[in-house]
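Asks: Next come a sequence and a model predicted from it.
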Amino acid sequence: AQTVTQSQPEMSVQEAETVTLSCTYDTSESDYYLFWYKQPPSRQMILVIRQEAYKQQNATENRFSVNFQKAAKSFSLKISDSQLGDAAMYFCAYRSADAGGTSYGKLTFGQGTILTVHP
Amino acid sequence: SAVISQKPSRDICQRGTSLTIQCQVDSQVTMMFWYRQQPGQSLTLIATANQGSEATYESGFVIDKFPISRPNLTFSTLTVSNMSPEDSSIYLCSVESGFPSGNTIYFGEGSWLTVV
């Protein structure tokens, strides 16, 4: 079974600064997807960024980028030019790409990191 | 991305009663999932609901407690039966969307249930 670990229960950053959230995972699979989701106080889960394991290039979405280290099974999220609206709980998640496997489609989540943004 | 609507968004329920949560998607999707998020916790998968077949439940979740219906490719319901305070959670519906980013999972707004 896959596991996802977020070792930072809480992080804080000054507005306009950069912050990195850590995520490690454990899997025996070679093909999979990794995601970062944001959960603001409204509790809605919002997709931030997505990475396919077979792609070496790190995904970027505007101010959000990842550092994907497949061999190290590490998937960190970097938020640049932090804004007050970035304050939320952030979840790292793993999804198997094996369409024939019993885990296909299911997301395994980390414990979450609460991000506070100071003005 | 898929647009997912959940009802109710929030409810206060009496102990011993049952509540059905509805999930409506604006496009046809094959795979739908139901997650639970207990207070201060991460998300845990309850079951996978595919149209035309019985829902597949994860360890620790049973059909008698969480019956699920999936009558078509755009709709599903989750019932939380015989509720106790331990069932106070956010319940989230999610779907796989193949366009524009294939194999990505999107979530509804969640249904926040408080059992008293």
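Replies: In hand now; what should we look at?
Asks: So which bits of chain A are right by chain B?
Replies: A:33, A:35, A:37, A:42-47, A:50, A:91, A:93, A:95, A:97, A:105-107, A:109-112 (Cβ under 8 Å from any Cβ of the partner chain). The C-beta positions use only the backbone N, C-alpha and C, and glycine is treated the same way.
Asks: Counting neighbours, which of those end up buried?
Replies: By neighbour count, with 16 or more other Cβ atoms under 10 Å in any protein chain shown, those hold A:33, A:35, A:37, A:43-45, A:47, A:50, A:91, A:93, A:95, A:97, A:105-107, A:109-112 as buried.
Asks: residue contacts, residue A:113?
Replies: A:6, A:8-11, A:21-22, A:89-90 (Cβ atoms under 8 Å, 6 or more residues apart in numbering or on different chains).
Asks: and those as JSON lines, adding secondary structure and neighbour count?
Replies: Output for the contacts of residue A:113, formatted as JSON lines (DSSP: H, G, I helix; E, B strand; the rest coil; neighbours: other Cβ atoms under 10 Å in any protein chain shown):
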{"residue": "A:6", "secondary structure": "coil", "neighbour count": "20"}
{"residue": "A:8", "secondary structure": "coil", "neighbour count": "17"}
{"residue": "A:9", "secondary structure": "coil", "neighbour count": "9"}
{"residue": "A:10", "secondary structure": "strand", "neighbour count": "10"}
{"residue": "A:11", "secondary structure": "strand", "neighbour count": "16"}
{"residue": "A:21", "secondary structure": "strand", "neighbour count": "23"}
{"residue": "A:22", "secondary structure": "coil", "neighbour count": "17"}
{"residue": "A:89", "secondary structure": "strand", "neighbour count": "19"}
{"residue": "A:90", "secondary structure": "strand", "neighbour count": "23"}
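Asks: among these, which two are most distant?
Replies: The span of the contacts of residue A:113, defined through Cβ to Cβ, is set by A:22 and A:89 at 14.6 Å.
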